[in-house]
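K.L.:
Predicted coordinates and the sequence they were generated for:
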Amino acid sequence: MAKIGVQAMMLEDSCAEDAKALDVSMIRIGMLPFDAMGSLDTVLEFCDATNDVAARLAEHGIRLYHHNHHIEFATYDGKQLLDTIADRAPLLGLELDVHWIQRGGLDPVSTIAKYGDRVAMVHLKDYRIGSLPDSAFQALAEGDVPAFMAAFTGVVQFAEVREGNLDFRGIVEQSIRSGAEYLLVKQDDVYGRDVFDCLTTSRENLMALGYSDLF
């Protein structure tokens with residue numbers, strides 16, 4: 001724990017200096033650290049260290065947030081990790097990602113509602129089921145069933161807003177009700193498309209829903 005404490009203090013000092021230089025008041029942790037994913041105990045250590053950092057950053061007027069992926073919806077002792085993080089690190093805010101919530105098996109709208117005003121940022125990215133590629137059927141014809149099944153289970157894709165299956169009207173409305181300050185369009189993989197074309201698609205689809213005033 002002493003090592004974690006020292007690392008946390010160094011992190012706090014560096015982040016505070018960088019935030020002041022950039023004139024920002026919000027910092028987010030991009031994902032649960034790899035070495036914190038090994039067990040519930042390592043997650044709890046992460047929570048304790050992070051809550052301590054959040055407390056010290058708050059003294060500088062800086063808020064700290066955690067961005068989820070699907071791993072936070074693993075269950076230990078009947079409790080999902082995101083609930084454990086939220087309870088164990090009460091000073092830590094949340095940046096919820098609706099695609100990863102869906103991939104974790106939960107409903108994005110009710111999840112945003114559940115955490116209420118802890119949610120300052122919401123990542124808007126859709127959840128699409130893509131088509132099986134021709135190579136998958138070629139592998140099947142050649143008797144390579146494992147290759148076909150790898151393609152079969154890998155059809156879940158990141159997508160532009162409203163180009164997949166998520167309820168974005170519900171997501172945006174609940175984000176507003178929860179007091180989210182920023183709705184951030186993001187797409188982890190664009191599958192060969194130009195990133196600005198993807199952003200344009202998401203923007204146009206959100207405007208078609210009636211959210212031009214949010215831009």
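P.N.:
Ah, there it is.
K.L.:
going forward, measure contacts between C-alpha atoms and count neighbours the same way
P.N.:
Noted.
K.L.:
What is the neighbour count of Pro33?
P.N.:
Counted with other CA atoms under 10 Å, the neighbours of Pro33 add up to 12.
K.L.:
Next up, the contacts around it.
P.N.:
Pro33 makes contact with no residue under the criterion CA atoms under 8 Å, 6 or more residues apart in numbering.
K.L.:
for Ser212, same thing?
P.N.:
Counting by CA under 8 Å, 6+ apart, Ser212 has contacts Leu206.
K.L.:
repeat that for 10 Å
P.N.:
Counting by CA atoms under 10 Å, 6 or more residues apart in numbering, Ser212 touches Arg203, Glu204, Asn205, Leu206.
K.L.:
now Leu92
P.N.:
28-29, 47, 50-55, 63-66, 85-86, 118-119.
K.L.:
just checking, which of those belong to helices?
P.N.:
If you go by DSSP state H, the contacts of Leu92 have Cys47, Thr50, Asn51, Asp52, Val53, Ala54, Ala55, Ile85, Ala86 in helices.
K.L.:
Run through who's touching stretch 70-77.
P.N.:
Under CA under 10 Å, 6+ apart, the answer for stretch 70-77 is 31-32, 37, 39-40, 43, 79-85, 97, 99-106.
K.L.:
With only the CA atoms kept, save that stretch in PDB.
P.N.:
Below are the C-alpha coordinates for stretch 70-77, written out as PDB (Å, rounded to 0.1, in the frame of the first residue of the first chain):
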ATOM      1  CA  HIS A  70     -17.300  -3.800 -20.100                       C
ATOM      2  CA  ILE A  71     -15.000  -5.200 -17.400                       C
ATOM      3  CA  GLU A  72     -16.600  -3.000 -14.800                       C
ATOM      4  CA  PHE A  73     -19.800  -5.100 -15.100                       C
ATOM      5  CA  ALA A  74     -18.100  -8.300 -13.900                       C
ATOM      6  CA  THR A  75     -19.600  -9.500 -10.600                       C
ATOM      7  CA  TYR A  76     -17.700 -10.300  -7.400                       C
ATOM      8  CA  ASP A  77     -19.600 -11.500  -4.300                       C
END
